[in-house]
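Trainee: Got a predicted structure plus its sequence, pasted below:
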Amino acid sequence: MTARAIIVGAPRSGSGKTSVTIGMLRALTRRGLKVRGAKSGPDYIDPGFHEAATGLPGVNLDSWAMAPGLLNALAANAAGDADFIILESAMGLFDGIPAPQGRSGSAADLARLYGLPVLLVLDVSGQSTTAAAVAKGFATYDADVRMAGVVLNRLGSERHRKLSGSAIEAIGLPVVGAILRDPTLNLPERHLGLVQAGEHDDLAAHLDRLADMAEASLDLDAIMALATPLTPRAGDFEHALPPPGQRIALASDAAFSFLYPHVAACWRAAGAEIVPFSPLADEAPSGDCDVCWLPGGYPELHAGRLAAAANFQAGVRRFAGNKPVHGECGGFMVLGEALEDASGETHAMLGLLGHSTSFARRKMNLGYREARLRAACPLGAAGELIRGHEFHYAQTTATGNDAPLADLADGQGNPLGASGYRRGHVSGTFFHAIARAGA
């Protein structure tokens, strides 16, 4: 089986790509097709909605963070086990960082690499025929990135649809969808993006509303006809993150949920077993595991409960006495001495590292990162180069006296200084790892 695929792109974030993508995924799944979602670039939250809509794990395809072999291997795995893949762009279609050809992290890189057509979602609120100028810009900006069709989003009326749609079709682009403005279709958001799929009490109902929208407002048959086979070149998993242990105790709940699907899949494929536990339910890591992993998430929204979770705290401290414990971003915050929540209340954390963090004094940190490890830890061996990203609003308010974990650079190689801390068997950093660096 080789899936047909299409990229859903837009001029910017907030254009409606995610709602269109989820609606199509759910609608095609309801038709009995085996459909997978994919996401360009670093994003934990949207793949969770893709999986909820289809019942199948999604995948991140990141042309900057992933070596070409790994990118191709992940794309081939997805295409080999699906009828149809909808690849959602992060931010604007061409948005990435200055980098060698094809390695910017943009969805446009994937369109060029795999010859995939783009379904352009245009938020036409506040404009009409001007939408054709935007569409023409996209159609002509890069000859190697093909706009196959347009979806008009947030239309105010039938007249609005005719004005926008006729102008776009006059330049030779088919309009294959027209969605009227409907605030009830919007998914709730917070500081790191959408509220996570697992936190919605009525998620199935909302997914079905989006699917109903897709059936009513999009020409799904025409969109599927626009798609082309996804046939990556040969790939390999040489640069995937190796499992940090045979049995991995993984914190997993509303406070700790940011683990990339491809990371977990590669760990399992290498023979590791993931053993989840919930800190919010006051569960501790299983003592028969080899390593404890505290991923990112939203501990700043649950700091009081985590501080009161005596069994969790005692269990992690006991585990760290003779086995590795690693924390990424939110997990790193919980490894420290204290966490100040949005209201300014300070809560005692694990104290396995000496730093403290604050969510009350916010400052956004966002971007690709490359980390050179100063010492061996669950991320890899000393000296190894790991690619990933940062996205958080918390600040470090006290540094403690622990040794730095890594030397950090931005996506273009500009040094950013030391990052994270290590003490004994414990390590942590705000940096989210995606893959080992490769050529």
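Mentor: Sure, I can see it.
Trainee: tell me which residues of stretch 331-349 are tucked away?
Mentor: Judged by neighbour count (16 or more other Cβ atoms under 10 Å), stretch 331-349 contains these buried residues: 331-341, 346-347, 349. The way it works is simple: take the backbone N, C-alpha and C, and place the C-beta from them, glycine included.
Trainee: Now it - C-alpha only, CSV.
Mentor: Coordinates of the C-alpha atoms in stretch 331-349 are reproduced here as CSV (Å, rounded to 0.1, in the frame of the first residue of the first chain):
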residue,chain,number,x,y,z
GLY,A,331,9.6,17.9,33.2
PHE,A,332,12.8,20.0,33.7
MET,A,333,10.7,22.5,35.7
VAL,A,334,9.4,19.8,38.0
LEU,A,335,12.9,18.4,38.6
GLY,A,336,13.9,21.8,40.2
GLU,A,337,13.4,23.2,43.7
ALA,A,338,10.3,25.3,43.0
LEU,A,339,7.8,26.3,40.4
GLU,A,340,5.9,29.6,40.6
ASP,A,341,2.5,29.4,39.0
ALA,A,342,0.6,32.1,37.0
SER,A,343,-1.0,33.5,40.2
GLY,A,344,2.4,34.0,41.8
GLU,A,345,2.1,31.1,44.2
THR,A,346,5.3,29.1,44.7
HIS,A,347,5.1,25.3,44.9
ALA,A,348,7.9,22.9,46.0
MET,A,349,9.0,20.5,43.3
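Trainee: Let's have the buried residues of stretch 331-349 in TSV, adding secondary structure.
Mentor: Conversion of those to TSV gives the following (DSSP: H, G, I helix; E, B strand; the rest coil):
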residue	secondary structure
Gly331	helix
Phe332	helix
Met333	helix
Val334	helix
Leu335	helix
Gly336	coil
Glu337	coil
Ala338	strand
Leu339	strand
Glu340	strand
Asp341	coil
Thr346	strand
His347	strand
Met349	coil
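Trainee: Pick out the most distant pair among the residues you listed.
Mentor: Of all pairs drawn from those, the one with the largest separation by Cβ to Cβ is Gly331 and Thr346; the distance is 18.6 Å.
Trainee: related to what we said a few turns ago, now, which of the buried residues of stretch 331-349 sits nearest Ala320?
Mentor: Of the buried residues of stretch 331-349, the one sitting nearest to Ala320 (Cβ to Cβ) turns out to be Leu335, at 8.9 Å.
Trainee: Next one: the closest one from Thr357, what distance?
Mentor: When distance is defined by Cβ to Cβ, to the nearest Å, Leu335 is 10 Å away from Thr357.
Trainee: Number of residues surrounding the residue nearest to Ile6 when sequence neighbours are not counted?
Mentor: Nearest residue to Ile6 in three dimensions, chain neighbours excluded: Ala227, at 4.2 Å (Cβ to Cβ, 6 or more residues apart in numbering). When counting by other Cβ atoms under 10 Å, one arrives at 19 neighbours for Ala227.
Trainee: give the contact list for Ala227.
Mentor: When the contact criterion is Cβ atoms under 8 Å, 6 or more residues apart in numbering, the partners of Ala227 are Arg4, Ala5, Ile6, Phe84, Leu116, Pro117.
Trainee: what's the pLDDT at it?
Mentor: The model reports Ala227 with a pLDDT of 98.
Trainee: Equivalent analysis for Gly58, please.
Mentor: Confidence at Gly58, expressed as pLDDT, is 89.
Trainee: Assess the claim that it and Lys39 are in contact.
Mentor: Yes: in this structure Gly58 lies within contact range of Lys39 using Cβ atoms under 8 Å: 6.4 Å.
Trainee: Identify the contacts common to those two.
Mentor: Residues within reach of Gly58 and of Lys39 at once, by Cβ under 8 Å, 6+ apart, are Asp46, Pro47, His50.
Trainee: where's the last one, which helix or strand?
Mentor: In this structure, His50 is located in helix 45-54 according to DSSP states H and E.
Trainee: Met349 and Phe312: what is the separation?
Mentor: Here Met349 is placed at a distance of 11 Å from Phe312 (Cβ to Cβ).
Trainee: Could you list the low-confidence segments of the chain?
Mentor: Applying pLDDT under 70 to the chain flags residues 1, 185-201, 362-366, 439.
Trainee: Walk me through the domains of it.
Mentor: 4-229, 247-436 (automatic domain parsing).
Trainee: Adding distance to Asp236, write the ones you listed out as CSV.
Mentor: Output for the domains of the chain, formatted as CSV (distance: least, Cβ to Cβ, whole Å):
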stretch, distance to Asp236
domain 4-229, 4
domain 247-436, 11
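Trainee: Compare the ones you listed and give me the one nearest Glu238.
Mentor: Going through the domains of the chain one by one, with Cβ to Cβ as the measure, domain 4-229 comes closest at 6.0 Å.
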